[in-house]
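Novice: Provided below for reference: sequence and predicted model.
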Amino acid sequence: MIELPDTLEREGLASLHSAADADALEAWRLKYLGGSGLLKDMMGRLREVPKEQKPQFGKRSNEVKARLESAYEERKSSLGASAAPRAAGPLIDVTEPGFEPAIGREHIITRVRNELCEVFARMGFEVAAGPELEDDEYNFVKLNIPDSHPAREPRDNFYVEEGGGSSRPRMLRSQTSTVQIRVMEDAIKRGWGPPLKIVAPGRVYRPDAVDATHSFMFHQIEGLYVAHRVTMVELKTTLFAFARMYFGKEAEIRLRPSFFPFTEPSAEFDMKIRLRPDQPARWIELGGCGLVDPAVFQAVGLDPEEWTGFAFGFGIERIAMGKYGIPDIRMLYENDLRFLRQI
Ligand code: DAH
């Protein structure tokens, strides 16, 4: 009886050593360390041991128990993952391809707007914004567009029914040129320090019949530079630099004399770009520009004898359609995923 702990230790270690997988290890654990296993059984036999041998038997039993337990832990970790008891439930095949989450992306208008702002930012333009719901003071009057001007026709603008109160007719802005006025007035309020150099992208609204090139809502980006002695040369240089940065080294621009009430002289500007490598470059009409009319400076309270500036404005859809070869403006608003995913 006194030899029982030694025997158990020897046999236990030997059979543990030959337990080669998780199942064998688990069987070993139940046999030796389990609730009704051999160790427990040995401990219970202390009662049967003659009195003078009890201390010796007890001490050895405890040693053997500790030894087998730590040997078990060692064996378990040396067998590694294969020794871990199998998880219940289905096995996971880690080589199986996963689900690809649907990741959204910027709409092309948003992308082009951000790209334009970035290119102008590199030339020192800050980004400004103004409200889409305006009054005719900002959309027309301060931009030197008189009451009699045909651009103010109700049928060409979205005027808004007034709930009362406001003295000026309210409307959805028809051009981002409104932001020119707001930015200058704001700068004066904040203590005006030239130069002022901003671009303002945003939505504009006109009740045009929708077709491949027209929409009742579209986007423009406006530019304004105010400083001393600004000339057409700086305007053209700026537009030229923009064209090259955005469309590449081969881009060209040209100005054609035109008329806008808020610039003098005024011009329309076109850009010559190659849209596809297999096609010749062609001219695309982009927008209007010119030197800020003295009447506009007067309207915001700046001395036209002292201040000069240039302004430009063009359609963002035009640029996007040109850059990505989109044939119909309506594709930009339909949100057909098959179209959106291509760009
Ligand atoms: N606001 C004009 C339009 O909607 C475009 C424009 C022309 C903007 C000349 C300008 C400018 O800043 O100087 O057609």
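Specialist: Noted; the coordinates are in hand.
Novice: and the end-to-end length of stretch 39-48?
Specialist: 15 Å (C-alpha to C-alpha, to the nearest Å).
Novice: now that stretch: mean pLDDT?
Specialist: Over the span of stretch 39-48, the pLDDT mean works out to 86.
Novice: can you pull the buried residues of that stretch?
Specialist: 39, 42, 43 (16 or more other C-beta atoms under 10 Å). (Glycine included, C-beta is placed from N, CA and C.)
Novice: Between the residues you listed, which sits nearest residue 151?
Specialist: Of all the buried residues of stretch 39-48, residue 39 has the smallest distance to residue 151: 99.1 Å, by C-beta to C-beta.
Novice: For the closest one, list the residues it contacts.
Specialist: Residues near residue 39 by C-beta atoms under 8 Å, 6 or more residues apart in numbering: 8, 32, 33, 61, 64, 65, 68.
Novice: Quick one: name the residues of the stretch 151-300 of the chain near the ligand.
Specialist: Within the stretch 151-300 of the chain, the positions near the ligand by C-beta under 6 Å from any ligand atom are 175, 177, 222, 260, 263, 287, 288, 289, 290.
Novice: hey, what's residue 272 bridged with?
Specialist: residue 252, residue 283 (DSSP bridges).
Novice: In the stretch 151-300 of the chain, mark out all the strands, start to finish.
Specialist: Here the stretch 151-300 of the chain has its strands, by DSSP state E, counting those that start in this stretch, at 159-160, 170-172, 196-205, 217-227, 252-260, 263-273, 282-292.
Novice: Let's have those strands in a markdown table, adding mean neighbour count and mean pLDDT.
Specialist: Output for the strands of the stretch 151-300 of the chain, formatted as a markdown table (neighbours: other C-beta atoms under 10 Å; pLDDT from 0 to 100):
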| stretch | mean neighbour count | mean pLDDT |
| --- | --- | --- |
| strand 159-160 | 14 | 93 |
| strand 170-172 | 19 | 95 |
| strand 196-205 | 21 | 98 |
| strand 217-227 | 22 | 98 |
| strand 252-260 | 15 | 96 |
| strand 263-273 | 20 | 94 |
| strand 282-292 | 19 | 93 |
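Novice: how about the ones you listed, which one is nearest residue 109?
Specialist: Among those, strand 217-227 sits nearest to residue 109 (C-beta to C-beta), with 6.0 Å.
Novice: How far away from the center of its chain is that closest one?
Specialist: 23 Å (C-alpha atoms, centre = their mean, to the nearest Å).
Novice: Which elements pack onto that strand?
Specialist: helix 108-122, helix 178-189, strand 196-205, helix 232-247, strand 282-292, strand 308-315, helix 316-324 (3 or more C-beta pairs under 8 Å, 6 or more residues apart in numbering; DSSP states H and E).
Novice: which of the contacts of residue 39 lies closest to the ligand?
Specialist: Of all the contacts of residue 39, the ligand sits closest to residue 33, with 86.3 Å by C-beta to the nearest ligand atom.
Novice: That closest one and residue 70 touch, don't they?
Specialist: No - if you go by C-beta atoms under 8 Å, residue 33 and residue 70 don't touch, sitting 11.2 Å apart.
Novice: Please compare those two by neighbour count and tell me which comes out ahead.
Specialist: residue 33 (16 against 10; other C-beta atoms under 10 Å).
Novice: who touches the more buried one in this structure?
Specialist: 39, 68, 69, 72.
Novice: Filter those down to the buried ones.
Specialist: So, by 16+ other C-beta under 10 Å, the buried ones in these are 39, 68, 72.
Novice: shaky segments in this protein?
Specialist: Within the chain, the segments meeting pLDDT under 70 span 81-88, 163-166, 275-276.
Novice: Domain-wise, how is it divided?
Specialist: Domain ranges of the chain: 4-83, 108-340, per automatic domain parsing.
Novice: Pull up the gap between the residue nearest the centre of the chain and residue 112, please.
Specialist: For the chain, the residue nearest the mean C-alpha position is residue 106 (6.6 Å; C-alpha atoms, centre = their mean). For residue 106, the distance to residue 112 (C-beta to C-beta, to the nearest Å) stands at 9 Å.
Novice: do the same with residue 293
Specialist: 29 Å.
Novice: who has more neighbours, the two?
Specialist: residue 112 (26 against 21).
Novice: For that one, which non-adjacent residue is closest in space?
Specialist: Once flanking residues are discounted, residue 112 sits nearest to residue 320: 4.4 Å by C-beta to C-beta, 6 or more residues apart in numbering.
Novice: Excluding chain neighbours, give the residue nearest to residue 263 in space.
Specialist: residue 290 (2.6 Å).
Novice: Any idea what the one you found is bridged to?
Specialist: residue 266, residue 311.
Novice: show me where the stretch 1-150 of the chain has helices.
Specialist: 4-18, 22-32, 38-44, 54-79, 108-122, 136-139 (DSSP state H, counting those that start in this stretch).
Novice: Now tabulate the ones you listed in CSV and tack on distance to residue 152.
Specialist: Listed next are the helices of the stretch 1-150 of the chain as CSV, based on distance: least, C-beta to C-beta, whole Å:
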stretch, distance to residue 152
helix 4-18, 97
helix 22-32, 86
helix 38-44, 100
helix 54-79, 85
helix 108-122, 28
helix 136-139, 7
